[in-house]
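S.K.: one predicted model, sequence on top.
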Amino acid sequence: MTAHPQGAEPNTQYAALQERVYGLGQQFLHFEQATTRSFQSVEAALSALSAEVRAGGKTQWQTIVTSIGVIVAILGALGGLAYLPIRNGMEQLATEARILRDAVVPRAEHAERWRRTDEDIKALGAELRRAEGRLVGRAEYEERWRCRENK
């Protein structure tokens, strides 16, 4: 039996990879939902800011620039927090796929093994035919046993 990396069968590793890919998809979906909520809150903040600017009559550039800076920082932090687990998961998947690729036995190696097995079977068949040629038939033994019984 061939030793597999980390003691697992390729099918088990493939199933684990599928589960991780599904998990990464779910993480991406949650990230998308969080991003949508963030954009909605940004939209609400901009609407409130727009209403405040209209009410004041004078443009409050300091408030606008500060708000945009805070929004960009929040979105950057959310993006980074969502991206890091996905990147780490993809790196882990790539590593495990590389391990699986290294564990796969090439077809040429299998063909060579099958050819050697066929040669071994032919050699055993020839040896068996030679051994059959040296065998003494049952009739000769029966004759010998009858002679011993009659003595």
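M.R.: Cool, got the structure. This is a predicted model, so every value here is computed, not measured.
S.K.: domains in this structure, as residue ranges please.
M.R.: 1-104, 106-151 (automatic domain parsing).
S.K.: mind checking how far Arg101 is from Glu9?
M.R.: 15 Å (Cβ to Cβ, to the nearest Å). (Each C-beta comes from the backbone N, C-alpha and C, glycine too.)
S.K.: higher neighbour count, the two?
M.R.: Using other Cβ atoms under 10 Å as the criterion, Arg101 and Glu9 rank with Glu9 on top: 11 against 8.
S.K.: got the CA coordinates for stretch 116-130 in CSV?
M.R.: Output of stretch 116-130 as CSV, limited to C-alpha atoms (Å, rounded to 0.1, in the frame of the first residue of the first chain):
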residue,chain,number,x,y,z
ARG,A,116,6.5,-6.8,-15.2
THR,A,117,3.5,-8.6,-13.7
ASP,A,118,2.7,-10.1,-17.1
GLU,A,119,6.3,-11.3,-17.5
ASP,A,120,6.2,-12.8,-14.0
ILE,A,121,3.0,-14.6,-14.7
LYS,A,122,4.5,-16.0,-18.0
ALA,A,123,7.7,-17.1,-16.1
LEU,A,124,5.6,-18.8,-13.4
GLY,A,125,3.5,-20.6,-16.1
ALA,A,126,6.7,-21.9,-17.7
GLU,A,127,8.1,-23.0,-14.4
LEU,A,128,4.7,-24.8,-13.7
ARG,A,129,4.9,-26.6,-17.0
ARG,A,130,8.5,-27.7,-16.3
